[in-house]
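Novice: Fold the following, please.
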Amino acid sequence: MPRPRPATVLVVDDLESFRVMLRRQLVSLGHTVLEAADGAEAIEVGRSRRGGLDLVLTDVVMPAMNGTEVAALICAEYPGLPVVLMSAYAPAGLTRVGFQNAIVPVLQKPFDAGQLQELIQVAVDLPAKRASP
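Specialist: Numbering: from 1, shown residues only. Predicted coordinates:
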């Protein structure tokens, strides 16, 4: 599979060890990584980037604000920004869910770099190609 174009990815997860592992995988694929430990921090990072994000990867289960709430707030400010929900608790075989009039991919934890690369290519590269003349 071809390498996805470099992207700026916001990783939102309350577990620091998971964010570190995911950052390493994403950087090895050539991406820029921003991190947030919770929903409030994710909103701050999104606003500070003024829309300069290509993808949001957010855990579903987090304290205070869950991943779908984070995604809803970010997508309200930046319509069309690709979001991927990550969950260790999703039913086996669940690969996407309906979310705010869109279908959002669900990445089942644990996952490997190959699955991550494929997902980024679909989430980031293909929408860009559809928008091209």
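
Novice: just the helices in the chain please.
Specialist: With DSSP state H as the criterion, the chain has helices at 16-28, 39-48, 67-77, 113-120, 126-131.

Novice: Dump those helices into CSV; add mean pLDDT as well.
Specialist: Output for the helices of the chain, formatted as CSV (pLDDT from 0 to 100):
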stretch, mean pLDDT
helix 16-28, 94
helix 39-48, 90
helix 67-77, 82
helix 113-120, 83
helix 126-131, 44
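
Novice: and of those helices, who's closest to residue 7?
Specialist: Between residue 7 and the helices of the chain, the shortest separation by C-beta to C-beta is 6.3 Å, and it involves helix 113-120. To be clear about C-beta, it is placed using only N, CA and C from the backbone, and glycine gets the same treatment.

Novice: So which other helices or strands are in contact with the closest one?
Specialist: helix 16-28, strand 102-108 (3 or more C-beta pairs under 8 Å, 6 or more residues apart in numbering; DSSP states H and E).

Novice: Could you list which residues are in contact with the closest residue to residue 14 other than its chain neighbours?
Specialist: Take residue 14 and drop its neighbours on the chain: the residue closest to it by C-beta to C-beta, 6 or more residues apart in numbering is residue 62, 4.6 Å away. With contact set as C-beta atoms under 8 Å, 6 or more residues apart in numbering, residue 62 has these partners: 12-14, 38-39, 70.

Novice: Just the buried residues of these.
Specialist: Burial by neighbour count, 16 or more other C-beta atoms under 10 Å: within the contacts of residue 62 this picks out 12-14, 38-39, 70.

Novice: Need those residues in TSV (columns: distance to residue 5).
Specialist: Below are these laid out as TSV (distance: C-beta to C-beta, whole Å):
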residue	distance to residue 5
12	22
13	24
14	29
38	29
39	28
70	24
